[in-house]
Structure formats: structure tokens, C-alpha cells
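# Predicted structure and sequence below. I'll ask about it afterward.
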Amino acid sequence: MDNTDKYLLNYKGHNFASPVVNDIDFLENIEDFEIRDDDVFLITYPKSGTIWTQQILSLIYSEGHRNGTENLQTVDRVPFFEYNTRKVDFVKRPSPRLFASHLSYNLVPKGLTNKKAKIIYVYRNPKDVLTSYFHYSNLVVIFEAMNSIEELLEKFLDGKVVGGLWFDHVRGWYEHRRDFNILFMMYEEMKKDLRSSVLKISSFLEKELSEEDVETIVKQATFQYMKSDPRANCDSIVSNELGRRTNEGRFLRKGTVGDWKRHLTVEQNERFDKVFQRKMRDVPLKFIWDLNEG
Ligand SMILES: Nc1ncnc2c1ncn2[C@@H]1O[C@H](COP(=O)(O)OS(=O)(=O)O)[C@@H](OP(=O)(O)O)[C@H]1O
């Protein structure tokens, strides 16, 4: 291990949330983790729509989830890969295996580069990521609490947060996209048109869905539905596993586009823009900062 403190564990340049890393040996052997052709990895930078897409993936793959006959939490259907807090035996898991991960491109199992297993990479405009991270850091004890947006902004632009430097994460995955079988999805597009996003994901996964299935998935993947579904809203995980700092606040907080406007000052926003323009100059990914932009 390179460097550990109470909240961050820096390993090969990536910042892990140290309180939930429960198996250092696993991390050290990730490269050699055996990949199956039908594995599906959902990869995100933290606070970019992970649980949302976990829910969509689970609904696409599991009829028992869609029709409510199976009572399982979404995080058990699509477990986290590097934060295996529930100690799932991944090798014994039946295929197709679905995983969620925040890993950067250079740390994932090498078997993913044979381009058979599929990766869905979801990204979100980083000002909303920062805003979501700010509230989350003050909600759960496993994250370092931030006194102000200013304090987080410094750390975020310096990569001293869980997930490391946002710019490196997104750029890394984008620049190495040809090494993987990968679909890029944007949080804001999912928000604008959930139905088309579900169809795009299911087509990439080569999963045939009936019209009725699509309706059910879209309904159960809306923010309002997930917020009131104890299997999807992560309330019990926050309270019983991650630990709450306060009784206020939910994992499914707002689920909107552009909330950063209520949090960043004009000066902070300009500072962010300067770094964004410099770091993302030659990355042609589209970003939506506000849903009125179209
Ligand atoms: N269905 C749906 N629709 C829209 N938005 C949703 C949905 N589900 C989760 N969310 C929002 O995603 C944010 C949490 O991101 P992650 O799940 O990536 O967090 S984590 O990295 O796994 O901790 C967090 O964003 P904020 O509300 O801005 O804080 C969640 O509310």
C-alpha cells in the first residue's frame, strides 16, 4: 500500500475509501481476477449515478426484481467489486455476474481487455458530482466531513477525495475506451430521457426486453420510486453499515441536474471552469451543466 489515512487509501494512484476496504489482498490481486465473457461491470466516479445504474442493470437482468417476487437489495444484486463489505464469494456467483466499481482504467482486471465482458461507464457533470459528494461527506462517517464547499473544492481539484482526481478518472477511461468493450452513458441524458437510456443499455447488453419490461424498468428506476423503495434507496446501508453523522439527509438526496448552481459562488465556479477547460480540452465527451441547455 502506498499511503493510508483515516479516510483515503492511496494505492497505485487511486484513492480508495479506506474504512470500507476490507481485503487488501484482493486489491493487490485485482489485475488477475478471472473475468468471464458475460461479466458486466458498471464503472463510475463516485456520486455519478452508480446506485441508479445498479438498479437499471438489476432490473434488466432479473425478472424476479421486475415483478417483485425476489426480495433483495440492489447492492446485493450488483455488488461492489473493490468494496466487498458483504464478503461475497465472486467466484461462486452464477453467471452473468454484475459488478459496480469506481476503479480507474489502469486498475481493473486485465481480462476486461479481451473485450468480451462489457463495461458501462456512467459520467456526470463534475460540479454536480462535487455537490453530491459534499452532502454525502457530511452524511456518512466513512467519508471525511467537509466544513464548506470551499474545503471540498480544494481537495476535489487536487484529487484528495475518494475516487482520486475526477479529470483523470474520466479522461483515463475515455482515452482507453478502445481497449475495452465499453458504453459511455451520461447521467444528465439518463435524467432527460430514462426510457431511451434503458433501451441503449439493454441493446449494448444484447438483452431483449418486452415493451412491458421496459415500462416496468423505467418506472422502478425513477428517483421517486427508488427513494421510497427500501431495497434501492440505501437508507439501511447508510444507517447500519456506513454510519450516519446526522439524522438529516438521504443517500438519494435530490437526483437533479444543476444543483451546483445553489452551492458554488461565481468565483468558485470560474475557478472550476478554468481547470475543467485546461484538463478536458482534448476530451470530446459532451457535458450538460443544466437541463435547460438541451
Ligand atoms: N433514480 C435516480 N435518478 C437520479 N439521480 C439518482 C437516482 N438514484 C440515485 N441518484 C443520485 O445519484 C447520486 C449518488 O451517486 P452514486 O450512486 O454514484 O453514489 S456512490 O458513489 O455510489 O456513493 C445522488 O445524487 P445527489 O442527489 O445529487 O446527491 C443520488 O440522488
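Now that the structure is in, tell me what you want to look at.
# Kindly tell me how buried the residue in the stretch 151-294 of the chain that the ligand sits nearest to is, as a neighbour count.
In the stretch 151-294 of the chain, the residue that lies nearest the ligand is Gly255 (3.0 Å; CB to the nearest ligand atom). For the C-beta atoms, the positions are set from N, CA and C on the backbone; glycine is no exception. Neighbours of Gly255 under the rule other CB atoms under 10 Å: 16.
# per-residue confidence at it?
Note for Gly255: predicted pLDDT of 97.
# Spatially nearest residue to it (excluding sequence neighbours)?
Phe223 (3.8 Å; CB to CB, 6 or more residues apart in numbering).
# Where does the prediction get shaky in the stretch 1-150 of the chain?
1-4 (pLDDT under 70).
# residues in the stretch 101-250 of the chain within reach of the ligand, list them.
Counting by CB under 6 Å from any ligand atom, the stretch 101-250 of the chain comes close to the ligand at 128, 132, 135, 191, 221-223, 226.
# Now with 8 Å, please.
102, 122, 124, 128, 131-132, 135-136, 162-163, 187, 190-191, 194, 221-223, 225-227, 232, 234, 250 (CB under 8 Å from any ligand atom).
# Show me which of those residues are buried.
102, 122, 124, 128, 131-132, 135-136, 162-163, 187, 190-191, 194, 221, 223, 226-227, 232, 234 (16 or more other CB atoms under 10 Å).
# Among those, which are located in strands?
For those, the ones inside strands are Val122, with DSSP state E as the criterion.
# In helices, which of the buried ones among the residues of the stretch 101-250 of the chain next to the ligand fall?
Taking DSSP state H as the definition of helices, those contribute 128, 131-132, 135-136, 187, 190-191, 194, 223, 226-227.
# what's the spacing between stretch 41-53 and its chain's center?
Here the centre of stretch 41-53 is set off from its chain's centre by 2 Å, with CA atoms, centre = their mean, to the nearest Å.
# residues in contact with the residue in the stretch 101-250 of the chain that the ligand sits nearest to?
For the stretch 101-250 of the chain and the ligand, the shortest gap (CB to the nearest ligand atom) falls at Ser132, measuring 3.2 Å. Taking CB atoms under 8 Å, 6 or more residues apart in numbering, we find Ser132 in contact with 47, 253-254, 259.
# any idea how far Ile288 is from Val218?
20 Å (CB to CB, to the nearest Å).
# now Phe26
Phe26 is 36 Å from Ile288, by CB to CB.
# Out of those two, name the residue with the larger neighbour count.
Ile288 (19 against 14).
# what sits against the more buried one?
Shown in contact with Ile288 (CB under 8 Å, 6+ apart): 125, 186, 188-189, 192, 257.
# Please apply the same query to Glu63.
Going by CB under 8 Å, 6+ apart, Glu63 touches Thr69.
# If we only consider the ones in helices among the buried ones among the residues of the stretch 101-250 of the chain next to the ligand, which is nearest to Gln277?
Asp128 (17.7 Å; CB to CB).
# Contacts only, for the closest one.
Counting by CB under 8 Å, 6+ apart, Asp128 touches 187, 256-260.
# next one: Phe167
Phe167 neighbours (CB under 8 Å, 6+ apart): 126, 275-276, 279-280.
# between these, which has the most around it?
Using other CB under 10 Å as the neighbour test, the contacts of Phe167 are led by Pro126, with 26 neighbours.
# For the residue of the stretch 151-294 of the chain closest to the ligand, give its distance to Gly111.
Taking CB to CB, one finds Gly255 at 34 Å from Gly111.
# element containing Phe276?
In the assignment (DSSP states H and E), Phe276 maps to helix 266-280.
# roughly how far is that helix from the heart of the chain?
The answer for helix 266-280 is 23 Å, by CA atoms, centre = their mean.
# Show me which residues of it are buried.
268-269, 272, 276, 279-280.
# Mark which of the contacts of Ile288 are buried, thanks.
Counted by 16+ other CB under 10 Å, the contacts of Ile288 give 125, 186, 188-189, 257 as buried.
# Out of the residues you listed, flag the one nearest to Val91.
For the buried ones among the contacts of Ile288, the nearest to Val91 is Met186 (33.3 Å; CB to CB).
# Please name the residues that touch the closest one.
Counting by CB under 8 Å, 6+ apart, Met186 touches 122-124, 285-288.
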